[in-house]
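In: kindly return the folded structure for what I paste below:
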Amino acid sequence: MTFDNDVELALAAACDELEMTRKDMIRLIMREWLEGYGFLPVHELDEGSDTEGSA
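Out: Model (predicted):
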C-alpha cells in the first residue's frame, strides 16, 4: 500500500523516530484511529500500577 508523498515522508519519519517498521507503524496508527472513533474498544495497559488488581 502506498500513500501520497507527504504521508509517506511523515510515516518514514515516525518509523525512524519510534524505531518501528513501516508495517507496525501502520498497524499502530490504524488501531489508535479505530479506538479513538469507537470502532474498537480501548485497551489500557497499566502493568506497573501499584493498584493493579484492586477494586
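
In: which one is the spatially most central residue of the chain nearest to, not counting chain neighbours?
Out: Nearest to the geometric centre of the chain sits Leu28, at 2.7 Å (CA atoms, centre = their mean). Excluding its sequence neighbours, the residue lying closest to Leu28 (CB to CB, 6 or more residues apart in numbering) is Met20, at 7.1 Å. Bear in mind the C-beta positions are built from the backbone N, C-alpha and C, glycine included.

In: in this structure, where is pLDDT below threshold?
Out: 45-55 (pLDDT under 70).

In: can you give me the helices for it?
Out: With DSSP state H, the ranges of helices along the chain come out as 5-18, 22-36.

In: adding distance to His43, write these out as CSV.
Out: Shown next, in CSV, are the helices of the chain (distance: least, CB to CB, whole Å):
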stretch, distance to His43
helix 5-18, 19
helix 22-36, 8
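
In: out of those, flag the one nearest Val42.
Out: Nearest to Val42 among the helices of the chain is helix 22-36 (4.8 Å), distances taken as CB to CB.

In: in that closest one, what counts as buried?
Out: Buried residues in helix 22-36, counted by 16 or more other CB atoms under 10 Å: Met25.

In: need the residues that contact it.
Out: Applying CB atoms under 8 Å, 6 or more residues apart in numbering, the external contacts of helix 22-36 come out as Met1, Leu11, Ala12, Ala14, Cys15, Leu18, Met20, Leu40, Pro41, Val42, His43.

In: now the fifth one: closest residue in space, sequence neighbours ignored.
Out: Closest residue to Cys15 apart from its sequence neighbours, by CB to CB, 6+ apart: Met25 at 5.0 Å.

In: and the end-to-end length of stretch 13-24?
Out: 14 Å (CA to CA, to the nearest Å).

In: flag every buried residue along that stretch.
Out: Applying a neighbour-count criterion of 16+ other CB under 10 Å, one finds Cys15 buried in stretch 13-24.

In: so how far is that stretch from its chain's centroid?
Out: 10 Å (CA atoms, centre = their mean, to the nearest Å).
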